[in-house]
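Trainee: Sequence first, then the predicted structure:
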Amino acid sequence: MTDVASILFTQEAADRPHETYARIRSECPVSREVGWVGGDGHTVYVSRYEDVMWALRHPEVFSSAPGAVNVGQEHPLIPLQVDPPEHAKYRRMLDPEFSPARMKALEPDVRALVNQLVDGFAERGTCDFHEEFATPLPSAIFLRLMGMSQDDLPQFLQWRDDTIRPDTDDMEEARRIRDRVGGEIQAYFDRALDEKAANPDGGLMSRIAVGEVDGRPLTRGEQLGMCHLLMLGGLDTVTATLDCMIAYLATHTDRRQALLDDPTLLDAVVEELLRTETPVVMVPRIIAQDATIGGVEVKAGDTAVILIGAADTDGDEFPDAESVDLAREKNRHVAFGAGPHRCLGSHLARMELRVAIEEFHKRIPEYRIQDDVELHFSPAIRQAVDLRLEW
Ligand code: HEM
């Protein structure tokens with residue numbers, strides 16, 4: 001029987017995930033294996049759309065409690081690491097901050113910033129897309145939204161990389177790096193929250209600093225857990241998604257030409273590429289009670305890995321699932337997750353992606369990946385390692 005861990009956590013799977021997903025879905029759609037993510041314990045992998053949906057919608061079995069993921073945090077990441085019913089009170093507080101209307105109001109700023117970034121390289125005929133566009137765009141917007149100084153960006157990016165892709169193959173060393181960085185992030189936000197409470201501005205961090213749930217002020221631990229999570233969610237995911245989308249469009253010129261010929265396809269391009277690329281490949285859980293899923297018995301205490309990337313290319317849900325079909329009618333993809341923990345930032349992310357793709361192509365309609373680039377992606381959250389373009 002296939003050992004999912006041995007084929008999933010490989011460079012090949014990060015670079016060409018569809019083949020790996022297809023193999024997992026057909027050979028071991030639900031798999032319970034010793035070790036890997038769960039140390040000496042068991043890890044459960046879920047890959048078919050139907051089972052993934054079930055897992056995401058049953059937090060009483062697939063819990064998001066703090067043990068599911070360790071990024072060096074001292075306090076639970078809120079709302080990600082809180083299960084229902086507690087979870088809802090935090091979403092009630094945060095959802096309005098990321099509502100479609102609020103995000104629409106940010107759109108002109110995003111459009112201006114996209115053009116400013118393109119101004120920096122359009123004439124040159126080349127760019128390092130990851131460094132010069134995909135990284136600064138969502139980061140600058142996020143810092144503005146939070147009310148944080150743009151000067152802190154290099155520090156944040158370093159913390160983000162040390163947390164999500166620590167520069168070591170040794171699991172113990174990676175844990176030490178995450179713990180150290182987690183402490184530094186916490187100390188930063190502890191100071192910043194004091195400052196914002198004393199001198200509130202229009203930013204989200206000021207509102208967190210004086211925020212309430214259930215008619216009581218948030219504790220400092222809750223505030224820190226929120227800021228830490230928002231930083232990780234806000235800085236990494238849109239960058240990775242932009243990399244995946246532009247890498248695809250650079251190498252599939254027929255789809256890019258279709259968009260250039262008919263700009264009304266923009267939404268379809270964004271949604272189909274979110275689905276087929278699914279940049280956040282997997283989400284972690286802890287099994288909270290014994291259960292049977294896909295005919296496999298899972299046990300309380302097991303670690304679980306829900307493969308949303310595999311679900312998004314499952315032919316039982318999406319006909320011709322691996323193709324980017326710009327006329328697809330039903331696209332209930334799970335690139336933003338599903339169930340209670342469905343992405344808080346999805347309206348922000350979609351707006352940024354649409355505006356970025358639209359404006360970039362108005363200015364630079366034809367481009368290719370430079371000849372000496374070997375296209376590789378990082379695992380788990382798929383950023384391009386090198387995405388230098390030319391036109
Ligand atoms: C294209 C970009 C993005 C993708 C693909 C993405 C993906 C996801 C996924 C898959 C989840 C579910 C996690 C789980 O079930 O364990 C999630 C949750 C979350 N995301 Fe995003 N995300 C994106 C952008 C953002 C942005 C820009 C922010 C914030 C500024 C954000 C903040 C969050 C938060 C706070 C949660 C936890 C929600 C909860 O637990 O209730 N995300 N995201």
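Mentor: Looks like it came in fine.
Trainee: Strands of this structure, start to end?
Mentor: 30-34, 42-46, 62-63, 126-128, 212-213, 216-217, 283-287, 291-293, 296-298, 303-306, 368-369, 388-390 (DSSP state E).
Trainee: will you turn those into CSV that also has distance to the ligand?
Mentor: Any C-beta I mention is one placed from the backbone N, CA and C, and that applies to glycine too. As requested, the strands of the chain are arranged in CSV below (distance: least, Cβ to the nearest ligand atom, whole Å):
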stretch, distance to the ligand
strand 30-34, 18
strand 42-46, 12
strand 62-63, 9
strand 126-128, 20
strand 212-213, 14
strand 216-217, 20
strand 283-287, 4
strand 291-293, 16
strand 296-298, 17
strand 303-306, 7
strand 368-369, 21
strand 388-390, 20
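Trainee: a markdown table for the ones you listed, including mean neighbour count and distance to Thr251?
Mentor: Converted to a markdown table, the strands of the chain look like this (neighbours: other Cβ atoms under 10 Å; distance: least, Cβ to Cβ, whole Å):
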| stretch | mean neighbour count | distance to Thr251 |
| --- | --- | --- |
| strand 30-34 | 19 | 32 |
| strand 42-46 | 25 | 29 |
| strand 62-63 | 25 | 35 |
| strand 126-128 | 17 | 16 |
| strand 212-213 | 14 | 46 |
| strand 216-217 | 10 | 51 |
| strand 283-287 | 23 | 27 |
| strand 291-293 | 16 | 36 |
| strand 296-298 | 17 | 37 |
| strand 303-306 | 25 | 28 |
| strand 368-369 | 16 | 7 |
| strand 388-390 | 18 | 11 |
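Trainee: Which of those strands sits closest to Ala187?
Mentor: strand 216-217 (21.1 Å; Cβ to Cβ).
Trainee: export the strands of the chain to CSV and tack on distance to Pro319 and mean pLDDT?
Mentor: Output for the strands of the chain, formatted as CSV (distance: least, Cβ to Cβ, whole Å; pLDDT from 0 to 100):
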stretch, distance to Pro319, mean pLDDT
strand 30-34, 23, 94
strand 42-46, 22, 95
strand 62-63, 27, 98
strand 126-128, 36, 98
strand 212-213, 43, 94
strand 216-217, 50, 96
strand 283-287, 25, 96
strand 291-293, 25, 97
strand 296-298, 27, 96
strand 303-306, 23, 96
strand 368-369, 30, 98
strand 388-390, 32, 98
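Trainee: what's the closest of the ones you listed to Glu195?
Mentor: Nearest to Glu195, of the strands of the chain and by Cβ to Cβ, is strand 216-217 at 17.0 Å.
Trainee: Can you tell me the strand partners of the closest one and which way each runs?
Mentor: strand 212-213 (antiparallel) (DSSP bridges).
Trainee: what's next to the partner strand, contact-wise?
Mentor: Lys89, Tyr90, Arg92, Met93, Leu218, Glu222 (Cβ atoms under 8 Å, 6 or more residues apart in numbering).
Trainee: my read: the second one touches Ile78, true?
Mentor: Spelled out, it's Tyr90. Yes: counting by Cβ atoms under 8 Å, Tyr90 does reach Ile78; the two are 5.3 Å apart.
Trainee: okay, and for this structure, where does confidence drop off?
Mentor: 1, 36-40 (pLDDT under 70).
Trainee: residues in the stretch 1-150 of the chain within reach of the ligand, list them.
Mentor: The stretch 1-150 of the chain comes close to the ligand at residues Ser64, Pro79, Leu80, Arg91, Phe142, as judged by Cβ under 6 Å from any ligand atom.
Trainee: which residues sit in contact with the first one?
Mentor: Contacts for Ser64 (Cβ under 8 Å, 6+ apart) come out as Leu80, Gln81, Val82, Asp83, Arg285, Ile286, His341.
Trainee: got CSV for these, with distance to Asp371 too?
Mentor: What follows is the contacts of Ser64, written out as CSV (distance: Cβ to Cβ, whole Å):
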residue, distance to Asp371
Leu80, 41
Gln81, 44
Val82, 48
Asp83, 50
Arg285, 42
Ile286, 46
His341, 42
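Trainee: May I ask which of those has the most neighbours?
Mentor: Greatest neighbour count in the contacts of Ser64, by other Cβ atoms under 10 Å, goes to Arg285: 26 neighbours.
Trainee: Who does that residue form a beta bridge with?
Mentor: Ala304.
Trainee: That one and Gly67 touch, don't they?
Mentor: No: counting by Cβ under 8 Å, Arg285 stays clear of Gly67, with 9.6 Å between them.
Trainee: Measure how buried the residue nearest to Phe133 when sequence neighbours are not counted is and give me the count.
Mentor: Among residues not flanking Phe133 along the chain, Leu117 sits closest, at 5.3 Å (Cβ to Cβ, 6 or more residues apart in numbering). Residues lying near Leu117 (other Cβ under 10 Å) number 22.
Trainee: residue contacts, whatever residue of the chain ends up closest to the ligand?
Mentor: Per Cβ to the nearest ligand atom, Gly345 is where the chain lies closest to the ligand, at 2.2 Å. Residues near Gly345 by Cβ under 8 Å, 6+ apart: Phe98, Gly233, Gly234, Thr237.
Trainee: 10 Å instead?
Mentor: Each residue near Gly345 by Cβ atoms under 10 Å, 6 or more residues apart in numbering is listed here: 94, 97-98, 103, 138, 142, 145, 230, 233-234, 237-238, 336, 352.
Trainee: Any chance of CSV for these, columns neighbour count?
Mentor: CSV is the format used below for these (neighbours: other Cβ atoms under 10 Å):
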residue, neighbour count
Leu94, 21
Glu97, 17
Phe98, 19
Met103, 21
Pro138, 26
Phe142, 22
Leu145, 22
Leu230, 24
Gly233, 19
Gly234, 24
Thr237, 22
Val238, 26
Phe336, 19
Glu352, 25
